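Enquirer: Need a 3D model of the sequence below.
(chains A and B, ligands or ions: 1)
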Amino acid sequence: MPDILRREDLDFLLNDVFDLEELCRRPFYAEHERADIDAMMDTAERLAEEVFQPFAAKLDANEPTFDGERVHIIPEVPAALETYRQAGFPAMAFPAEIGGMGLPYMAATAIGAWFAAANGPAMGYLSLTGWAANLLATHGSEELKARYLGPMCEGRYFGTMCLSEPQAGSSLGDIRTRAERREDGTFRLFGSKMWISGGEHDMSENIIHFVLARIPGAPPGVKGISLFCVPRILPDGARNDVRLMGLNHKMGNRGTVNTALAFGEKEGAVGWLVGQENHGLACMFVMMNEARVSVGLSAAALAMTGYLHALSYARERLQGRPLTGRDPSAPMIPIIQHADVRRMLLQAKCYAEGGMALCLYAARLIDDLRSGTDEDAAEARRLLEILTPIVKSWPSEFGLRANDNAIQVHGGYGYTRDYPVERMYRDNRLNPIHEGTKGIQGLDLLGRKVPMEGGAPFRALLARMRRTLAEAEGDEALADIRAAVAEAVDGAERTTAAMLAAAPKAGAEAFTANATIYLDMLGHVTVGWLWLRQALAARRALAAGGAGREDFLRGKIDAARWFCRYELPLTHAWRGMIEGLDRTTLDTPPEHL
Amino acid sequence: MKVLVPVKRVIDYNVKVRVKADGSGVDLANVKMSMNPFDEIAVEEAIRLKEKGVATEVVAVSIGVKQAQETLRTALAMGADRAILIEAAEDVTQDIEPLAVAKLLKAVVEEEQPGLVIAGKQAIDNDMNATGQMLAALLGWPQATFASELKIEGDHAVVTREVDGGLQTVKVKLPAIVTADLRLNEPRYASLPNIMKAKKKPLEVKTPADYGVDVSPRLTVVSTSEPPARKAGVKVADVAELVSKLKNEAGVL
Ligand SMILES: Cc1cc2nc3c(=O)[nH]c(=O)nc-3n(C[C@H](O)[C@H](O)[C@H](O)COP(=O)(O)OP(=O)(O)OC[C@H]3O[C@@H](n4cnc5c(N)ncnc54)[C@H](O)[C@@H]3O)c2cc1C
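Expert: Numbers count the residues shown, from 1 in each chain, chains lettered A, B, ... in the order given. Okay, here's the model as predicted:
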C-alpha cells in the first residue's frame, strides 16, 4: 500500500470537523453532494496512486534538462497530466460560468492534496495554471478571457507567474522589466525574469505568462507596477519574443522546470495589459489567498505522506528490546514501541494533520466568501486577511519538521535515496521560500494584518477561537485540552495588545523586529485551537458509535492532547521573548556578526 | 445489442484483509469497498463496444447491500447507461452465493434480453469463479471465460481466452456469457464530469422477491484463517551452496 495519504483523515476533516454537507446545502453549491465528492475523491486517490506516485522518484532523479534549444522532461509528466486532464480535474474548482465544475473549494483542496502528496513537482505545472487562470478570470479583458480562459481551465494551455527578477525577489517594488505601449493598445516587454516555474517546455499547446512590469513614467515602487498577459505563442501562431536563458538546478521540487526568461531581446515581447495600469500587484493579491492556501496545502500534504511512511516503517522495523525485561534472546520489538519514536511520530502527526486542518479551514473560508451570506462573507474576508500568512507559513515551517522527523524515524535508511522521505523533505523545503518568504509573511502578519482595520481581523479570529472554547465547556474528557487552548488564546491577546500599545513609542522597526516569532506564536495558537475542534469532532463521532473508527478517533484526541502538552507551552516562551519588543536582535550591528 | 454487466461491491484490493477473531470470516467493519477489479474490466469492455457502435445500451446490475448503489454509480460514471440494484443482503457480512446470484441474473436477463453478458471472471473477495459459468448453464447459453480479447463478428463473439500455457480462441454464438480476465483492457477512470452526469442516470432498486429467487445460503463456512506467516529465509554464501541446498534440502533439482 503506497502511503500517500490516509483517506480517513481527509474524510474526518471534511465531514466531521468542517461539515462539508452544510456547504452542499447552500444554493450556490446545490449541484453537489457528499456522495459525488466522495466518488471524485476515489478517482483522485487512484490517479495519485496508479499514475502520479509511481514516477515521483524517477522525476526527482531525472530533472528537466535544456540542450540550448529545447527543454526535456521525462514523458511520464505529460502523460500523467493528460490523464489528469481527461479525468476532468483541472476545471474542478472553477465556477461554472467559466466552464468549471464549481466544486466547493474545500472539497477541491482536499482532492488536490492527493496529487500534492503523490507527486507535487509534476502537478506544479497545473497548479500554476490554475492560479494564472484565476487571475485572468478576475482581471482579464473579455478579449483575453475569450482567447485563453477556456483552454487554461481544460489544462490545454499552461500558465506561469512571472514576478521575480534576479535583483528583485521579496522586494517586488524594485522590478525593472519595462512595458512600452504601442498604438494598437498592446505592449512590448523588455527585461529578465528569474525563478519562473514552468517557464518553458513543450508539454502544452501554449504557455500564458502573467508578467509584472513597469510602464515608462510609472511612479516608483509598488505603485508603478502593472500586470501583463504574454503568451509564448501569439494568436497568429508565431513565437513571442520570450527566450529561455537557462534552468535553475534545485535542491528539491526538481520535476517542475524552473527557468530564467528573457523578454524582448529582439523587437519586444508582445503583451496585453491585465487589470488597470499600475494596479498589477493589487491584481496579484487577489489570487494570493488561494495560492497561499495551496502552498500551505502542499506543505501539509508532504508532511502527511512523510508521517505515514514513517509510521509504516516504525511498525515494521525491529530494533532493541523493552526497557523492562531485556532478555537478549527475546525477539526485538518494532521501534514504534520505544517512547522516543512515538514522540517523533506524535509530533509529526500533530504538525501534519494540524497543518491540513488549517488549510482546509482556510479553504472553507474561501467558500464562505463565494457562497455565504453578506455577513458571513465579510467575516470570512477578515479571517482570511489574518490567517493567510499563517496558512502559508505554518505548514511550511512545521510540516517540514514533520518530514525531518520522518527521516529520523527511518534512522540511516532515511538518509538514503532508497527511501522517499529525504525527497519529501527536499521538496517541502521550498515552501518557506516561495510565494513570499517566511520573513515576509511575518512582516505581513504583524506589520499589516494585525493592526489593520483597527484590529478587526485579529478580533474576529479570537472570537472564533472562543466560540469553540465555549462549545467545549463542560466536556470533562477534554477539560485539560480546553484549558490549555484558552490560556494560549488569552496569552496571544495580551501579548498582541502589549506590543501594539508599545509600538508608537518604540517605532516600526522595533515593533516588527521579532515578527517571525510572532508568526510562529499565533500559528501555534491557531493550530492548537483547530486541534481542540478536531478533538470535539472526534468526541461527537465516538458518542455516535464510532462506526469502526474508534482507534482513529481516539488518536485525534491523543494528538490534540499531545499538542497542548508539548507544543502550546512554546507559545508562552515565544511571547516572553517578544512581548516587550525586545531589541537584542535589532541592536546587534551587522559588523558584529 | 444490449450488454448486461454484473458488478460486485467487494473489499478494496488495497486493503490489508484481516480475519475476524472468531474465524467466522473477514473483518469488513469500516473497510474501504470498491468495485471488483475484474468487473471494472467488464464494464470497460462493454463501454468500448458501445463506443464502437456495436452495443446500443450498457446495463449494470449489482446484487448485494444497499451501498452497492455506489458501485453502480461508478459503473454509470464510467459510461454505463443505467443500473439495477437487487438489494439482497442486510449488511456486508452476508455474502450472496454464486448460485443465488446466477439465478437472479438469469431473471434479469430474461427481463432485459441482452445480446451479451460480460462479467468479471471472479470476485476478488471469495475467488469463487463460478457465477458466469452457472449463469450460462441456467440460461443454456454458450460461454467464453477468461477473455483477454473480445470481438463481435455478426451474430458471434470471437474470444481469446487465457488458458494454461497459452491462448485459445473460441467462437460462440450470441447471446452468450463472456467473463473478463485481467488483460482484456485497462479500465478508464471515472471522470469528474461523468460522475456528475451519472447522478442523473436511472438506477432501479429491486429485491430478490421481485424475481422469486431464494437467496438463503446453501454453504456453511466452517472456518476462516490467515495464511501461515512466511518463515524467515536463510542467506547462502554462494551459488554452490544455493545449488546444494536446492538439491539436498528442498529436493527441487
Ligand atoms: C523553486 C522556486 C520556484 C519559484 N517559482 C517562482 C515563480 O514561478 N514565479 C516567480 O515570480 N517567482 C518564483 N520564485 C521566486 C520566489 O518567490 C523568490 O525566491 C522569493 O520571493 C524570495 O526572493 P529571493 O529569492 O530574491 O530572496 P530575497 O528576497 O533576496 O530574500 C533573501 C532573504 O532575505 C529576507 N528578506 C528579504 N527582504 C526582506 C525584508 N524586507 N525584511 C525581512 N527579510 C527580508 C528573506 O526573507 C530571505 O530570507 C521561485 C523560487 C524558487 C526557489
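
Enquirer: burial of residue 87, as a residue count?
Expert: Using chain A. 23 (other C-beta atoms under 10 Å in any protein chain shown). For glycine as for every other residue, the C-beta is placed from the backbone atoms N, C-alpha and C.

Enquirer: meant chain B actually
Expert: 18.

Enquirer: Can you tell me how far it is from chain A?
Expert: In this view, B:E87 and chain A are 17 Å apart by C-beta to the nearest C-beta, to the nearest Å.

Enquirer: Show me which residues of chain A sit near chain B.
Expert: A:1, A:7, A:31, A:35-36, A:38-40, A:42-43, A:46-47, A:49, A:83, A:86-89, A:91-92, A:101, A:547-549 (C-beta under 8 Å from any C-beta of the partner chain).

Enquirer: Mind checking which of those are in strands?
Expert: Applying DSSP state E to those, no entry is found in strands.

Enquirer: Weed out the non-buried ones from the residues you listed.
Expert: Those of the residues of chain A next to chain B that meet the buried threshold are A:36, A:38-40, A:42-43, A:46-47, A:49, A:83, A:87-89, A:91-92, A:101, A:549, by 16 or more other C-beta atoms under 10 Å in any protein chain shown.

Enquirer: Chain neighbours aside, what residue packs nearest to the residue in the stretch 1-150 of chain A that chain B sits nearest to?
Expert: Nearest residue of the stretch 1-150 of chain A to chain B: A:G88, at 3.6 Å (C-beta to the nearest C-beta). Nearest-residue entry for A:G88: B:L192, 3.6 Å, with adjacent residues in sequence omitted and distances by C-beta to C-beta, 6 or more residues apart in numbering or on different chains.

Enquirer: Give me the pLDDT value at the one you found.
Expert: B:L192 carries a pLDDT value of 95.

Enquirer: My guess is it contacts A:Q86. True?
Expert: No: applying C-beta atoms under 8 Å, one finds B:L192 not in contact with A:Q86, separated by 10.2 Å.

Enquirer: Just the pLDDT for B:N30.
Expert: For B:N30, pLDDT reads 77.

Enquirer: Go through the chain and flag its longest strand.
Expert: Chain wasn't specified; assuming chain A. Max-length strand for chain A by DSSP E is strand A:187-197.

Enquirer: The intended chain is chain B.
Expert: Per DSSP E, chain B has its longest strand at strand B:143-153.

Enquirer: Which is the succeeding secondary structure element to that strand?
Expert: Proceeding N to C from strand B:143-153, the next assigned helix or strand is strand B:156-163, under DSSP states H and E.

Enquirer: So which residues of chain B form strands?
Expert: For chain B, the strands defined by DSSP E cover B:2-6, B:9-11, B:33-35, B:57-64, B:82-87, B:116-120, B:143-153, B:156-163, B:166-173, B:176-180, B:203-206.

Enquirer: Make JSON lines from those strands and add distance to A:E142 and mean pLDDT to it.
Expert: Listed next are the strands of chain B as JSON lines, based on distance: least, C-beta to C-beta, whole Å; pLDDT from 0 to 100:
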{"stretch": "strand B:2-6", "distance to A:E142": "47", "mean pLDDT": "98"}
{"stretch": "strand B:9-11", "distance to A:E142": "48", "mean pLDDT": "94"}
{"stretch": "strand B:33-35", "distance to A:E142": "45", "mean pLDDT": "92"}
{"stretch": "strand B:57-64", "distance to A:E142": "42", "mean pLDDT": "97"}
{"stretch": "strand B:82-87", "distance to A:E142": "42", "mean pLDDT": "97"}
{"stretch": "strand B:116-120", "distance to A:E142": "49", "mean pLDDT": "98"}
{"stretch": "strand B:143-153", "distance to A:E142": "50", "mean pLDDT": "97"}
{"stretch": "strand B:156-163", "distance to A:E142": "54", "mean pLDDT": "95"}
{"stretch": "strand B:166-173", "distance to A:E142": "59", "mean pLDDT": "96"}
{"stretch": "strand B:176-180", "distance to A:E142": "50", "mean pLDDT": "97"}
{"stretch": "strand B:203-206", "distance to A:E142": "42", "mean pLDDT": "97"}
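
Enquirer: and residue 106, what does it touch?
Expert: Just so you know, I chose chain A. Listed by C-beta atoms under 8 Å, 6 or more residues apart in numbering or on different chains, the contact partners of A:M106 are A:14, A:18, A:20, A:23, A:360, A:363-364, A:366-367.

Enquirer: switch to chain B, that's the one I care about
Expert: Contacts of B:K106 by C-beta under 8 Å, 6+ apart are B:135, B:138-139.

Enquirer: 10 Å instead, please
Expert: For B:K106, the contact set (C-beta atoms under 10 Å, 6 or more residues apart in numbering or on different chains) comprises B:134-141, B:211, B:213.

Enquirer: Can you tell me which of the residues you listed are classed as buried?
Expert: B:134-136, B:139, B:141, B:211, B:213.

Enquirer: Okay, and which of the residues you listed map to helices?
Expert: B:134-136, B:139, B:211 (DSSP state H).

Enquirer: Please report how far the residue of chain A at minimum distance from chain B lies from A:A179.
Expert: Residue nearest to chain B within chain A (C-beta to the nearest C-beta): A:G548, separated by 2.9 Å. For A:G548, the distance to A:A179 (C-beta to C-beta, to the nearest Å) stands at 60 Å.

Enquirer: One more: A:A30?
Expert: 43 Å.

Enquirer: What is the nearest of the contacts of B:K106 to the ligand?
Expert: Within these, the smallest distance to the ligand is 57.6 Å, found for B:L135 (C-beta to the nearest ligand atom).

Enquirer: Please name the residues that touch that closest one.
Expert: Per C-beta under 10 Å, 6+ apart, neighbours of B:L135: B:4, B:6, B:98-99, B:101-106, B:108-109, B:117, B:119, B:141, B:143, B:177, B:179.

Enquirer: Skip the chain neighbours and tell me the closest residue to it.
Expert: What sits nearest to B:L135 in space, not counting adjacent residues and going by C-beta to C-beta, 6+ apart, is B:A102, at 4.4 Å.

Enquirer: Contact partners for B:E87?
Expert: Listed by C-beta under 10 Å, 6+ apart, the contact partners of B:E87 are B:62-69, B:205-208, B:210.

Enquirer: and A:E76, which of the strands of chain B is closest to it?
Expert: A:E76 sits nearest to strand B:33-35 of all those, at 25.1 Å, using C-beta to C-beta.

Enquirer: in its sheet, what does the closest one sit against?
Expert: If you go by DSSP bridges, strand B:33-35 pairs up with strand B:9-11 (antiparallel).

Enquirer: secondary structure element for A:A502?
Expert: Going by DSSP H and E, A:A502 is in helix A:479-506.

Enquirer: Show me what the very next helix or strand once past that helix is packed up against.
Expert: Per DSSP H and E, the first helix or strand lying C-terminal to helix A:479-506 is helix A:508-512. Applying 3 or more C-beta pairs under 10 Å, 6 or more residues apart in numbering or on different chains; DSSP states H and E, we find helix A:508-512 packed against helix A:479-506, helix A:584-587.
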